[in-house]
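> my questions concern the predicted model and sequence given below.
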Protein chains: 2
Amino acid sequence: MITDYLIKQVPFTHDELNDILDHFEKEHIQKNRILIKEGQICNKLYFLEAGIGRSFYLKKNGKEVTQWFFEDDNFMVSVDSFFSQTPSVYYLEILENAIIYSITKEKLDLLLVKYHKMEKLSRLLAIEMLAKVVHKLNAIQFQTAKQRYDYMLKEFPDIAYRVSLGHIASYLGMTQETLSRIRKNE
Amino acid sequence: MITDYLIKQVPFTHDELNDILDHFEKEHIQKNRILIKEGQICNKLYFLEAGIGRSFYLKKNGKEVTQWFFEDDNFMVSVDSFFSQTPSVYYLEILENAIIYSITKEKLDLLLVKYHKMEKLSRLLAIEMLAKVVHKLNAIQFQTAKQRYDYMLKEFPDIAYRVSLGHIASYLGMTQETLSRIRKNE
DNA sequence: TTTCTCTTTTGACCTAAATCAAAAAATAGC
DNA sequence: GCTATTTTTTGATTTAGGTCAAAAGAGAAA
């Protein structure tokens, strides 16, 4: 639940929470839907109440490379694009039927001005995400293919067996063949 | 200047700025000083007014691996450790004689509560840092050694020729020998 | 069940970059 | 200046993981 998630981060009052939630829209999204394409400006911040998603980008050779996975009960967004309102480098895709809450940049900006606590929430989320990305960077930069897969299992235990091997392999910076061989030897 | 930097991010008033700056301490630091060791809790946020720094960690085999470079006119911190007050995974080291402004976690927390704008500043910084780390991640994950060095030249043009080849090589996830050969063929 | 498509596995071979080792160059200390 | 120490370069060899190609397996539609 999005309310539980928000309260866990910052102690909003009941009224504040209602006001904030009024700025979000709830939607049901079918799997394989692309929320944002490369080049579009990501104008919405999404909260995944159910389902999973990923961001990926398309290399010149046409291959998709997964950049991040988004689990349920987490925000999903093309960060740079949304916050600096510049064209997204990534695609955002829903991988399993999802229930999402979305808020536009304009509405979020209103909330950020209105509620000091909302700024705090955003800061906390950004720092949390930063820590996660740094963690992945270390895994990618210094570890063998096998160790990177172990990182994946720890970081996304729920997702590791729900998305295709190819998506995971590209997320981990290795080929499908290599990941297949790693799994074989588990 | 730290004041210029702050104002560029958020329009603080003169009084606010003075109050905020009163919470910082100015220090001159000699090169090669270690600000934070692995395992310590990073209790201060540093602003580099002059000089450069890096974060690195020590692998089990005793080798240092540079994790990030910090240029003058930027904040320098072991992010996770500082914000979640947990033991740092990294060392923070000053590489060239520096002038820094530092603020403790306690004092920063006071400012974050006192000034809505200060929360905003922190959010913006976190998002900016996030974008940079994502950028490096992409360079590391998908590019050849040569391309990674080109990324370094773009991201840290000032630093690329001021720090040792070994520091840069480990930052880019390659050996010194490889970087030396790349430079030779430039 | 059969067909079509998409995903995963397996095998053979190749290459970018690592490792190991040692020489050359640059810096720092005296 | 002249050593001592650290950093960088060069060469020879190895290897993890990539590439290419094809077979096997798994869904989905009908």
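Perfect, thanks for sending it. Numbering: from 1, shown residues only, chains lettered A, B, ... in the order given.

> count the residues that sit near the residue lying closest to A:Lys132 once chain neighbours are set aside.
Excluding its sequence neighbours, the residue lying closest to A:Lys132 (CB to CB, 6 or more residues apart in numbering or on different chains) is A:Glu155, at 7.5 Å. Where you see a C-beta, it was placed from the backbone N, CA and C, and this is true even at glycine. For A:Glu155, the neighbour count with other CB atoms under 10 Å in any protein chain shown is 15.

> so who does A:Glu155 touch?
A:132, A:135-136 (CB atoms under 8 Å, 6 or more residues apart in numbering or on different chains).

> residue boundaries of the strands in chain A?
A:25-29, A:34-36, A:44-50, A:53-58, A:64-70, A:74-76, A:91-94, A:98-104 (DSSP state E).

> the third one near chain B anywhere?
Going back to what we said before, that points to strand A:44-50. No. Strand A:44-50 stays clear of chain B (CB under 8 Å from any CB of the partner chain), getting no nearer than 12.2 Å.

> cool, and the last one?
No. Strand A:98-104 is not in contact with chain B by CB under 8 Å from any CB; minimum separation 15.6 Å.

> in that strand, what's buried?
Using 16 or more other CB atoms under 10 Å in any protein chain shown as the test for burial, strand A:98-104 gives A:98, A:100-103.

> closest one of these to DNA strand D?
A:Ala98 (16.6 Å; CB to the nearest atom of the strand).

> now that closest one. Nearest residue, chain neighbours left out?
Once flanking residues are discounted, A:Ala98 sits nearest to A:Gly51: 2.6 Å by CB to CB, 6+ apart.

> so that neighbour touches A:Met76, yeah?
No. Contact criterion CB atoms under 8 Å: A:Gly51 and A:Met76 do not qualify, at 9.6 Å.

> which one's more surrounded, these two?
A:Met76 (27 against 20).

> partner residues bridging that one?
Beta bridges link A:Met76 to A:Tyr46 when assigned by DSSP bridges.

> now the residue nearest to A:Ala98, what are its backbone angles?
Reported as degrees, to the nearest 10, the phi and psi values for A:Gly51 are phi 100, psi 170.

> same question, A:Gln85
phi 50, psi 50.

> longest helix in chain A, please.
Using DSSP state H, we find that the single longest helix of chain A is helix A:116-142.

> tell me what it is packed against?
Secondary-structure packing of helix A:116-142 (3 or more CB pairs under 8 Å, 6 or more residues apart in numbering or on different chains; DSSP states H and E): helix A:2-9, helix A:105-114, helix A:145-155, strand B:64-70, helix B:79-84, helix B:116-142.

> is the fourth one up against DNA strand C anywhere?
No. For strand B:64-70 and DNA strand C, the contact criterion (CB under 7 Å from any atom of the strand) is not met; the two come no nearer than 11.4 Å.

> CA atoms only: put that strand into CSV for me.
Only the C-alpha atoms of strand B:64-70 are listed here, as CSV (Å, rounded to 0.1, in the frame of the first residue of the first chain):
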residue,chain,number,x,y,z
GLU,B,64,42.8,0.2,-3.1
VAL,B,65,39.9,0.7,-5.5
THR,B,66,38.8,4.3,-6.1
GLN,B,67,35.1,4.6,-5.9
TRP,B,68,34.6,8.3,-6.6
PHE,B,69,36.5,11.6,-7.2
PHE,B,70,35.4,14.8,-5.6
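
> buried residues in it?
So for strand B:64-70, counting by 16+ other CB under 10 Å, buried means B:65-70.

> what does chain A have sitting close to chain B?
So far as CB under 8 Å from any CB goes, chain A lies against chain B at A:59, A:65, A:67, A:79-80, A:83-84, A:112, A:116, A:119-120, A:122-123, A:126-127, A:129-131, A:133-134, A:136-138, A:140-142, A:173.

> tell me the spatial nearest neighbour of A:Pro11, not counting adjacent residues.
Once flanking residues are discounted, A:Pro11 sits nearest to A:Lys117: 7.8 Å by CB to CB, 6+ apart.

> count residues in the vicinity of A:Asn97, would you?
Neighbours of A:Asn97 (other CB under 10 Å): 14.

> what about stretch A:64-80, average pLDDT?
Across stretch A:64-80, the average pLDDT comes to 94.

> hmm, I typed the wrong one, I wanted stretch A:128-138.
93.

> which residues are in contact with that stretch?
For stretch A:128-138, contacts defined as CB under 8 Å, 6+ apart pick out A:79, A:151, A:155, B:67, B:79-80, B:84, B:126, B:129-130, B:133-134, B:136-137, B:140.

> and that stretch with DNA strand D, contact?
No. Judged by CB under 7 Å from any atom of the strand, stretch A:128-138 stays clear of DNA strand D, getting no closer than 14.5 Å.

> what comes up buried for that stretch?
Within stretch A:128-138, the residues scored as buried using 16+ other CB under 10 Å are A:128-131, A:133-134, A:136-138.

> adding distance to A:Ser55, write these out as a markdown table.
What follows is the buried residues of stretch A:128-138, written out as a markdown table (distance: CB to CB, whole Å):
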| residue | distance to A:Ser55 |
| --- | --- |
| A:Glu128 | 17 |
| A:Met129 | 12 |
| A:Leu130 | 16 |
| A:Ala131 | 18 |
| A:Val133 | 12 |
| A:Val134 | 17 |
| A:Lys136 | 13 |
| A:Leu137 | 16 |
| A:Asn138 | 20 |
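
> thinking again about what came up before, now the longest helix of chain A, how far from the centre of its chain.
With CA atoms, centre = their mean, to the nearest Å as the basis, helix A:116-142 stands 11 Å off its chain's centre.
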